[in-house]
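1. Sequence and predicted structure below; questions after.
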Amino acid sequence: MAETPAVAVSDAPVPESRGSVLGFLRLARGFWSGPTAQTAWLLCATVFAILLVNLAINVGFNRWNRWFYDALEKKDGKTLATAVLAFLALIVIGAAFAVAMARSRMTLQLAWRAWVTDTLLARWLSEQKYYKLAVSDEGATAPESRITDDVRLATEPVVDFATGFVNAVLSAVTFASILFVVGGSIQLPGVTIPGYIALAALGYALVMSLSTFLIGRPLASAVDHKNEAEAQFRFGLTRIRENVESIALIRGDDDELRRSREGFAGIAASTREVIRNHCNLTWILNANAFFAGTFALLLAVPKYLTGELTLGQMMQIGSAFTAVLGALNWFAENFIPVAQWRASARRVSLLDDAFNDLAFDEPESGAANVAFTEGVDGAIALKNVSLRYRNGRAVVDSADVAVQPGERVLLAGESGSGKSTLIRAIAGLWPWGSGEISLPRGARIGFVPQRPYIPRGTLRDALAYPLAGSELDPVAARKALEDAGLGYLVETLEAEAQLDQTLSGGERQRIAFARLFLQKPTVIVMDEATAALDVESETRLLTLLFERFPEATVLSVGHRPGLESLHTRRIALKRTSTGARIDANAPARRWGRWKRKGPRRRMRFSEWGRGKLRRFGKREARASAPASDAPG
């Protein structure tokens, strides 16, 4: 049940959505500056403290290498035994802090992802942005995929990158210092090079990083294209799952198979490009993995042979050199994950940009909008209302019409003339246009689309939606089901079931009518609400609805000829080059007896409705009579 909407539509210019890494970071940094700031910074401090402890443990392992191999070179059994015990202690301590690091890092990842997810969900599912995004021309397709997969892929790696980067810097400084001190200087003809092994490590790492960047640079865009193709393919499969019945009935299997294969062909082409660039990068990374450890020892061999270095110092240099290279090659080794993260971050940023663009359509933007006001006479009035798509294409042009309280108005017109758009605007859903819509004060709007939404859960939950099923009186729920022609489902009221998959189209529409009986709206808006019902059921339900709520104002869209006799007024939409225009003077047809009630006249539904049903039943009986009974 919707209250009088306060949604307004803006004519303000909308900035182009680009989607960028910086855009994602602007969105995500709110985790460290809002209500969650204390938790965020505490987790970050914990991770940093454990990083320092792990660095100290790594330095301990490096010193242990020198200690152990010096004892081995001297064949000092007692020292070797002590070194083994110390090694076991280092392993236990290192494992404990590794677990602590994993726990704190993953907790930080989860907290950050939860904040970004909640922020995007709140923006998507507020002020009908989910609807506006679906009917706009924004490029942020498949928002559910962006909020689930892309948010995870855009947040979790950042924590890994940040901890890895900080650890790389600290390790590079620490172990380069060890190399500088332990490796000492080397005397070459005419020159002395201090800390030559440390300088060699720095030069080696720079050459490797530059080579990796130049060779792997095309990989970033290849991964971006692959992720976009994956998202589009998944979106296409989701559409098939959501429309299985329609596809099956029209035998669309071959076409969907063709489209799905084309979608996967795009993935395959993008993946082949990723494979090609990945293989080019693997040449460098693989060669580096084999050569890096040996390179340091080769540099130290001359000093070992002259006795300036012990075996323990040689092993310490080799360990420290590997640590320095690992730190300095951090970017090169994370080139592929960074490219993958960049693609997901851009997709999340594009969704956030789309929400920002839609904010230009809100009343707070200060631009000209369709204004919603409260009427003083209880009527629904449209004053110079023009509706358009977000790209500016006109739908309805200069609509002026008034619907008096209690009127039942059928909105007619050829398909595509804007009937559904107009009633969605009246219900506060359509966000783009201009003019003024006046609704009765405190109006409770009951909106029934052609395919009503059925939430997950029990039948009682479906009837109570959008309220919780626990708030619905079971007796009232059973009565509503019986009135809607679903009495055979009363026994399943509390049973969990996949109702959105098992209910037919007609049953879904009956559920929507049952909701109306429970919600007691003052304004009823229907868009092909009985299209899936047979004529007899349509007549019975509408007659019962109008009889149950004679004071309610009704606006409905439908194409069946019989609907005209169930309404008191007909309004036609006629398409023109500047948008559809309303013909509010279409002849009104009235049936049955009327009685005067104050200044207005009302139809007595109980009389004409039942009479119409009796006449309809007689026609059906004659149509179904055996051929032998027909007159000759």
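-> Thanks, I have it. Numbers count the residues shown, from 1 in each chain.
2. switch to C-alpha atoms for all contacts and neighbour counts from now on
-> Will do.
3. what about the residue nearest to T117 when sequence neighbours are not counted, which SS state?
-> Using CA to CA, 6 or more residues apart in numbering and skipping the chain neighbours, the partner closest in space to T117 is I147 (6.1 Å). Counting by DSSP: H, G, I helix; E, B strand; the rest coil, the backbone at I147 sits in helix.
4. Over to S556?
-> Classified using three-state DSSP, S556 is strand.
5. roughly how far apart are the nearest residue to it once chain neighbours are set aside and P455?
-> Leaving out its chain neighbours, the residue that sits closest to S556 by CA to CA, 6+ apart is M526, at 4.4 Å. M526 sits 19 Å away from P455, going by CA to CA, to the nearest Å.
6. More neighbours: which of the two?
-> Neighbour totals were compared for M526 and P455, and M526 leads with 22 against 16 (other CA atoms under 10 Å).
7. and the more buried one, what element?
-> Assessed by DSSP states H and E, M526 sits inside strand 523-527.
8. just checking, what packs against that strand?
-> helix 419-426, strand 445-448, strand 553-557 (3 or more CA pairs under 8 Å, 6 or more residues apart in numbering; DSSP states H and E).
9. a markdown table please, covering those and showing mean pLDDT, mean neighbour count and distance to S537.
-> Formatted as a markdown table, those follow (pLDDT from 0 to 100; neighbours: other CA atoms under 10 Å; distance: least, CA to CA, whole Å):
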| stretch | mean pLDDT | mean neighbour count | distance to S537 |
| --- | --- | --- | --- |
| helix 419-426 | 83 | 21 | 23 |
| strand 445-448 | 86 | 24 | 16 |
| strand 553-557 | 88 | 25 | 17 |
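10. thinking again about what came up before, what's the angle between the strand holding M526 and helix 419-426?
-> 150 degrees (axes from the mean of the first three to the mean of the last three CA atoms, to 10 degrees).
11. List the strands paired with strand 523-527, with their directions.
-> Strand pairing for strand 523-527, determined by DSSP bridges: strand 445-448 (parallel), strand 553-557 (parallel).
12. Just give me how far the shortest one sits from the chain centre.
-> Looking back up the chat, that one is strand 445-448. The chain centroid and the centroid of strand 445-448 are separated by 26 Å, computed with CA atoms, centre = their mean, to the nearest Å.
13. going on from it, what's the next piece of helix or strand?
-> Following strand 445-448 in sequence, per DSSP H and E, is strand 457-458.
14. if you average pLDDT over that next one, what comes out?
-> For strand 457-458, the mean per-residue pLDDT is 86.
15. and the helix or strand following it, what other elements does it pack with?
-> Later in the chain than strand 457-458, the nearest helix or strand by DSSP H and E is helix 459-464. Helix 459-464 makes packing contacts with helix 474-483, helix 505-519 when contacts are defined by 3+ CA pairs under 8 Å, 6+ apart.
16. For the shortest one, list every residue counted as buried.
-> Buried residues in helix 474-483, defined by neighbour count with 16 or more other CA atoms under 10 Å: A477, R478, K479, A480, L481, D483.
17. Domain-wise, how is this structure divided?
-> As given by automatic domain parsing, the domain ranges for the chain are 21-361, 370-454+503-623.
18. rank these by pLDDT, which is bottom?
-> For the domains of the chain, where the average pLDDT is lowest is domain 370-454+503-623, sitting at a mean of 76.
19. Return the distance of that one from the chain's centre.
-> The answer for domain 370-454+503-623 is 33 Å, by CA atoms, centre = their mean.
20. Repeat that for stretch 251-261.
-> 26 Å.
21. Can you tell me what sits against stretch 329-349?
-> Residues from elsewhere that reach stretch 329-349 (CA atoms under 8 Å, 6 or more residues apart in numbering): 19-21, 23-24, 27, 140, 146-147, 150-151, 153-154, 157-158, 164-165, 168, 205-206, 208-209, 212-213, 216, 219-221, 223-224, 227, 285.
22. Sitting in helices, which of these do you find?
-> If you go by DSSP state H, the contacts of stretch 329-349 have 21, 23-24, 27, 151, 153-154, 157-158, 164-165, 168, 205-206, 208-209, 212-213, 216, 219-221, 223-224, 227, 285 in helices.
23. In the stretch 51-200 of the chain, what residue spans correspond to helices?
-> 77-124, 129-135, 143-145, 151-183, 196-242 (DSSP state H, counting those that start in this stretch).
24. Can you list phi and psi of V403 for me?
-> When read as degrees, to the nearest 10, the backbone of V403 gives phi -120, psi 120.
25. Please list all residues in contact with it.
-> Neighbours of V403 in contact, by CA under 8 Å, 6+ apart: A379, I380, A381, V409, T553.
26. Out of the residues you listed, grab the one that's most surrounded.
-> So for those (other CA under 10 Å), the most neighbours sit at T553, 25 neighbours.
27. I'd say that one and T522 touch.
-> Yes - judged on CA atoms under 8 Å, T553 makes contact with T522 at a distance of 6.4 Å.
28. From T543, how far off is A198?
-> From A198 to T543 the distance is 90 Å (CA to CA).
29. Also V348?
-> To T543, V348 is 49 Å away according to CA to CA.
30. what about these two, which has more around it?
-> Per other CA under 10 Å, whichever of V348 and T543 has more neighbours is V348, with 32 against 20.
31. Wait, a strand at that one?
-> No - judged by three-state DSSP, V348 forms no part of a strand; its state is helix.
32. what about it, distance to L22?
-> From V348 to L22 the distance is 11 Å (CA to CA).
33. For G457, list the residues it contacts.
-> E496, A497, Q498, L499.
34. One more pass at 6 Å, please.
-> Each residue near G457 by CA atoms under 6 Å, 6 or more residues apart in numbering is listed here: E496.
35. Share the number of residues neighbouring G505, please.
-> G505 has 17 nearby residues by other CA under 10 Å.
36. again, but for R560
-> 12.
37. Ramachandran angles for it?
-> phi -70, psi 140.
38. Next: G413.
-> phi 140, psi 160.
39. Let me have the helices and strands packed on strand 523-527 in JSON lines, extended by distance to A83.
-> Formatted as JSON lines, the helices and strands packed on strand 523-527 follow (distance: least, CA to CA, whole Å):
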{"stretch": "helix 419-426", "distance to A83": "78"}
{"stretch": "strand 445-448", "distance to A83": "78"}
{"stretch": "strand 553-557", "distance to A83": "86"}
